[in-house]
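Novice: My questions concern the predicted model and sequence given below.
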Amino acid sequence: TYVYAKVLGPYTKIVVVELANDPKTGALKYQARSWYKEGNHTADLANEDISSANGYHSMGKGGYSLSDLHYSVNAVRSTSETVADIDEYTDQTLFKPATDSGESSGDVHFNGAGGGNVIKSNVTRGNVYFNGGGIANVILHSSQFGHTEFNGGGAANVIVKSGEEGDLTFRGAGLANVLVHQSKQGKMDVYAGGAVNVLVRIGDGQYLAHLLAYGNISVHKGNGNSRVVMLGGYNTHTQIGSGNGLWLAAGGFNVMTQVGKGNVASVLAGGANVLT
């Protein structure tokens, strides 16, 4: 357990950090709690019970109340390491690269805030970057090579990205964005704003999507490149089959569907259009 304290204005701000292995899974568990109390209490912390019973106030959901980082590794080479000096650190690699076998390496960078962030990464190589914010961001990332980057904001963003190869970049904001990109090669570049955007991409190819406003849904299962821009809200895009697609929808309530191989370019404006 590590305790950090700093006097900021009339208050002492305190962060209590605990590192422990989960007794059931063996995964390294990171937990941080933030507190504040009026006055300068930095000299009394060594034997202090930092709790509401002693006059300390939790930061609450709006200010760094709880962050969980679960890091589990399935590795051919297993290494036991001590976490580096963490004074002033906000992120660091917990596992060194496996230079001998190449079967298990590192990377998870998390600068987070809010409540209940959960990150899992079963590595064979690495990456997952998340700058955070919000209330219930979840990233599962079953590595098998790498990438996944999410700059964050909002509440209840969920990202699932499985292995081989990588990429998935999502800049975020808003409420309840859900992204699934089941790798087998790479690339997904999403800028989602507003609320309840859902994107699913299964297959190999470039997938660039800009979903703005409310309730847009985009699904592309198959190989090929897709460029999707949805404005106005409540647009639906479904592409089942391999091929390249250009999908532009404005005005809201547009439905765009392609089943089968081939290339499609569509521009829908005015709202409530149907393309099949």
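Specialist: The structure has been received and is ready for your questions. Numbers count the residues shown, from 1 in each chain.
Novice: CA atoms for contacts and neighbours, from now on please.
Specialist: Will do.
Novice: which ones are touching the closest residue to residue 232 other than its chain neighbours?
Specialist: Spatial nearest neighbour of residue 232, excluding adjacent residues (CA to CA, 6 or more residues apart in numbering): residue 252 at 4.3 Å. Counting by CA atoms under 8 Å, 6 or more residues apart in numbering, residue 252 makes contact with 231, 232, 233, 234, 235, 270, 271, 272.
Novice: Considering those, which possesses the most neighbours?
Specialist: When neighbours are counted as other CA atoms under 10 Å, the busiest of the contacts of residue 252 turns out to be residue 235, with 27 neighbours.
Novice: Please report the distance of it from residue 265.
Specialist: According to CA to CA, to the nearest Å, residue 235 and residue 265 sit 16 Å apart.
Novice: okay, now the domains of the chain?
Specialist: As recorded under automatic domain parsing, the domains making up the chain are 2-199, 200-276.
Novice: Any idea which helix or strand in the chain has the lowest mean pLDDT?
Specialist: strand 66-71 (a mean of 36; mean pLDDT, DSSP states H and E).
Novice: Just grab the bridge partners of residue 140 for me.
Specialist: residue 120, residue 160 (DSSP bridges).
Novice: Let me know the pLDDT of it.
Specialist: In the predicted model, residue 140 carries a pLDDT score of 72.
Novice: What of the one 10 residues further on?
Specialist: Residue 150 is assigned 74 on the pLDDT scale.
Novice: Give me the secondary structure label for the closest residue to residue 271 other than its chain neighbours.
Specialist: Here the nearest residue to residue 271 in space, its sequence neighbours aside, is residue 251; by CA to CA, 6+ apart that works out to 4.1 Å. State at residue 251, reduced to three classes by DSSP: H, G, I helix; E, B strand; the rest coil: coil.
Novice: correct me, but residue 251 touches residue 232?
Specialist: Yes. The pair residue 251 and residue 232 passes the contact test of CA atoms under 8 Å, sitting 4.7 Å apart.
Novice: What is the neighbour count of residue 262?
Specialist: The tally of other residues near residue 262 (other CA under 10 Å) stands at 12.
Novice: how much space between it and residue 222?
Specialist: Between residue 262 and residue 222 the distance is 11 Å, computed by CA to CA.
Novice: Residue ranges in the stretch 151-276 of the chain under the pLDDT threshold?
Specialist: Judged by pLDDT under 70, the stretch 151-276 of the chain has its weakly predicted residues at 152-157, 172-177, 179, 181-186, 191-196, 213-214.
Novice: which residues in it form strands?
Specialist: Counting by DSSP state E, counting those that start in this stretch, the stretch 151-276 of the chain forms strands over residues 158-161, 169-170, 178-181, 189-192, 198-202, 207-211, 217-221, 226-230, 236-240, 245-249, 255-259, 264-268, 274-275, given from the N-terminal end onward.
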